[in-house]
Structure formats: C-alpha cells, structure tokens
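J.: Have a look at this fold, sequence not included:
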C-alpha cells in the first residue's frame with residue numbers, strides 16, 4: 001500500500017483543544033448562517049412546486065429562457081441547464097399550480113423568446129403536503145442512520161465510542177449544512193443522499209482509528225506509555241490510509257462539482273465539503289477517547305486522594321516531526 005506519511009509521529013492529541021475550538025467555531029458559524037437565512041434553501045422536493053424540463057431546437061442562453069418566463073409572470077422560477085445548452089430545467093415555486101393551460105403558455109412564451117420551437121419533455125408536481133412529509137422523512141432517515149451507527153459502534157467497541165462517533169457525525173452534517181447555507185445551495189433529495197453518504201464515509205474512517213486503538217490497548221500500555229501516547233500512535237498509524245481513501249473520494253466529488261453540470265452541483269458541493277470535514281473529524285474524534293478516559297478516572301478516583309493531571313501526549317517519546 002502506498003504510504004505518504006511514513007513513520008508519522010504527529011502530536012494530534014496534544015493539539016486536541018485546537019481541534020475542539022475549530023469544531024465549535026465551525027458549528028456556531030453554521031448555525032448563525034442558517035439562522036440568518038431563516039433556514040435552509042429547500043428545493044421543491046421539500047417545499048412543493050412544479051418542475052418542467054424543456055428542450056430547444058437550437059442552443060439558447062439562460063437570459064433567453066428568463067425572458068420567456070417573464071412574459072408569463074414567472075420571473076422567480078429557478079433555471080438550470082440540463083446537460084447541453086438546448087435543454088433546461090425550470091423549477092416553479094409552490095404558489096404555481098400545475099395545469100395544461102399554464103404549461104401551454106410557458107411553451108409558447110419560451111418559443112417566442114427563443115425564436116424557435118420548444119419541446120416540453122417532462123412535467124412534475126410536488127404538493128406542499130408531500131414536501132412537508134419529505135422533510136420529516138429526511139430527518140427520520142438521518143436520525144435512524146445515526147442511531148444504527150451508535151448501536152453498532154457501542155456493540156463493536158463500547159458505549160463511549162458510540163457517543164464519540166455520533167458527536168463526530170453530527171459535527172460533519174452540521175458543518176456541511178452550514179456550508180450549503182453560506183453558499184446558498186439548494187437542499188434537495190440528492191443533497192440528502194450526499195449527507196447520508198458523508199455519514200457513511202466519516203464513520204468508516206472513525207472505525208478504522210478506533211479499531212487500531214482497541215488493538216493497541218489489547219496488547220497493553222508499554223512501560224512509560226500513556227493512553228494519550230497510544231491514541232496518538234493509532235492515529236498516526238492509520239493516517240496514510242485515512243488521507244488516501246478520502247482524497248480519492250474528494251477527487252471524484254470535485255470532478256462532479258467542476259464538470260457534472262448544474263443539476264449535480266449541489267450534490268457534489270455537499271460531498272466535497274463533507275469528505276473534508278469527515279476526514280478531519282475522524283482524527284479529532286479519536287482525541288476524545290483520551291479525554292473521556294481521563295474524565296472517567298477522575299470521577300472514579302476516591303475523593304480523599306489528590307487528582308493527578310494526566311500526562312499530555314508527546315511528553316515521552318512523542319514529538320512533532
């Protein structure tokens with residue numbers, strides 16, 4: 001296997017407070033952005049509305065499509081190029097009603113603005129109630145996924161590992177939603193699929209690190225080695241694998257973002273942000289193992305004895321390269 005971090009000896013646990021501050025800051029910024037925008041920018045999948053796919057006989061610009069929609073007082077419609085310059089998706093807001101008359105008027109107005117025939121290839125309508133139901137189902141899907149992961153990690157490792165994993169996953173989802181809000185990207189069913197994909201990739205990286213920690217603890221601490229040193233070693237030993245697997249996924253998502261077309265932009269954007277965030281959280285979450293262990297020992301220590309501050313990582317043979 002290709003190794004890009006040979007004999008890595010980075011003091012991740014020693015820098016854990018910086019990780020905590022960075023994560024807290026990112027989550028706060030995400031919440032502020034979502035609050036400032038009064039929620040996420042939900043697409044018609046979640047709010048209801050009409051989607052119309054049209055194809056022109058010759059390439060046209062977005063401005064020409066907009067001109068045609070303005071004539072039928074649909075200037076607030078969202079226009080997306082669908083593959084080539086001859087095909088577009090038109091997303092009409094919830095207030096618009098699906099009807100043959102409206103479709104005919106749109107077709108005539110678009111043809112007039114473009115100076116050529118227009119084919120209506122697809123019309124889909126999502127009612128407001130269906131959109132609200134999809135919002136709830138999306139929330140249930142994310143919660144069900146996280147609950148299943150909590151149970152799996154708790155059985156395979158321990159309950160603490162399950163809780164730490166869920167904290168990391170919640171962090172990844174929240175930061176990705178914040179990035180979508182800042183960039184004013186649309187929250188749609190494909191983006192929901194991206195979020196669930198991010199959860200899967202992130203927990204996979206986290207489990208690899210946790211498995212190495214469990215394996216090392218099973219052999220016992222070496223003389224003079226602290227738990228923080230052991231966690232550091234586990235992160236460093238899996239660092240090449242974590243970076244390489246995440247980087248290949250990142251490249252694939254980046255190609256989709258750059259060349260996948262307007263329809264895939266929001267999906268690819270969420271994946272790009274989520275892969276980066278998930279890789280970071282997999283490393284940062286492992287640091288919580290050392291802190292949780294220290295907190296547990298402090299709570300169970302007899303009250304009459306003075307608590308000894310846990311030795312920081314890197315104090316014995318663990319130095320930054």
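T.: Good, I have the coordinates. Because the structure is predicted, anything quoted here is derived from the model rather than measured. Residues are numbered from 1 along each chain as shown.
J.: host element of the residue nearest in space to the middle of the chain?
T.: With distances taken as Cα atoms, centre = their mean, the residue of the chain nearest its centroid is residue 274 (3.5 Å). Residue 274 belongs to helix 262-300 when assigned by DSSP states H and E.
J.: State the mean pLDDT of that helix.
T.: Regarding helix 262-300, the rounded mean pLDDT is 83.
J.: for this protein, what helix or strand is lowest in average pLDDT?
T.: helix 44-47 (a mean of 78; mean pLDDT, DSSP states H and E).
J.: Can you tell me the element residue 88 falls in?
T.: Here residue 88 sits within strand 87-92, counting by DSSP H and E.
J.: again, but for residue 203
T.: When elements are assigned from DSSP H and E, residue 203 belongs to helix 189-219.
J.: Go through that helix and flag the buried ones.
T.: Neighbour counts over helix 189-219 (16 or more other Cβ atoms under 10 Å) mark 190-192, 194-195, 197-199, 201-203, 205-210, 212-213, 216 as buried. In short, each C-beta sits where N, CA and C put it, glycine included.
J.: for that helix, packing partners?
T.: helix 128-156, helix 159-182, helix 227-237, helix 239-259, helix 262-300 (3 or more Cβ pairs under 8 Å, 6 or more residues apart in numbering; DSSP states H and E).
J.: closest to residue 101 out of the ones you listed?
T.: Evaluated with Cβ to Cβ, these place helix 128-156 nearest to residue 101, the distance being 20.7 Å.
J.: Out of the helices and strands packed on helix 189-219, which is closest to residue 90?
T.: Nearest of those (Cβ to Cβ): helix 262-300, 12.3 Å.
J.: Please state the offset of the closest one from the chain centre?
T.: Mean C-alpha position of helix 262-300 versus that of the full chain (Cα atoms, centre = their mean, to the nearest Å) differs by 11 Å.
J.: now swap in stretch 114-126 and tell me
T.: 33 Å.
J.: tell me the average confidence for that stretch?
T.: Taken as a whole, stretch 114-126 has a mean pLDDT of 84.
J.: Pull out the buried positions in it.
T.: Under 16+ other Cβ under 10 Å, the buried positions of stretch 114-126 are 114, 118, 123, 125-126.
J.: among these, which are in strands?
T.: Residues of the buried residues of stretch 114-126 located in strands (DSSP state E): 118, 123, 125-126.
J.: how about JSON lines for these, with distance to residue 89 added?
T.: Formatted as JSON lines, those follow (distance: Cβ to Cβ, whole Å):
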{"residue": "118", "distance to residue 89": "13"}
{"residue": "123", "distance to residue 89": "11"}
{"residue": "125", "distance to residue 89": "14"}
{"residue": "126", "distance to residue 89": "14"}
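J.: Correct me if wrong, but residue 52 is in a helix.
T.: No. The assignment for residue 52, made by DSSP: H, G, I helix; E, B strand; the rest coil, is strand rather than a helix.
J.: Any idea how many residues pack against residue 140?
T.: 10 (other Cβ atoms under 10 Å).
J.: still on that earlier bit, work out the gap between the helix holding residue 203 and the centre of the chain.
T.: Distance, centroid of helix 189-219 to centroid of chain: 13 Å (Cα atoms, centre = their mean).
J.: angle of that helix against helix 159-182?
T.: 150 degrees (axes from the mean of the first three to the mean of the last three Cα atoms, to 10 degrees).
J.: so helix 189-219 versus helix 128-156, what angle?
T.: 10 degrees.
J.: pLDDT of helix 189-219, averaged?
T.: 86.
J.: so it versus helix 227-237, what angle?
T.: Using the same axes, to 10 degrees: helix 189-219 against helix 227-237 is 120 degrees.
J.: now helix 189-219 against helix 239-259, angle please.
T.: Using the same axes, to 10 degrees, the inter-axis angle of helix 189-219 relative to helix 239-259 is 170 degrees.
J.: quick one: contacts for the nearest residue to the residue nearest to the centre of the chain once chain neighbours are set aside?
T.: The shortest distance from residue 274 to any non-neighbouring residue, by Cβ to Cβ, 6 or more residues apart in numbering, is to residue 198 (3.2 Å). Listed by Cβ atoms under 8 Å, 6 or more residues apart in numbering, the contact set of residue 198 reads 172-173, 176, 270-271, 274-275, 277-278.
J.: Kindly recompute the last result at 7 Å.
T.: By Cβ atoms under 7 Å, 6 or more residues apart in numbering, the contact list for residue 198 reads 172, 176, 271, 274-275, 278.
J.: before we move on, what about residue 45?
T.: Residue 45 touches 126, 131, 134, 188-189, counting by Cβ under 7 Å, 6+ apart.
J.: What is the nearest of those residues to residue 17?
T.: Out of the contacts of residue 45, the member with the shortest distance to residue 17 (by Cβ to Cβ) is residue 188, at 37.3 Å.
J.: ok, for the closest one, nearest residue in space, not its chain neighbours?
T.: Counting by Cβ to Cβ, 6+ apart, the residue nearest residue 188 is residue 43, at 3.9 Å.
J.: again, but for residue 164
T.: With Cβ to Cβ, 6+ apart, the residue lying closest to residue 164 is residue 288, at 4.8 Å.
J.: Fine, thanks again, bye for now.
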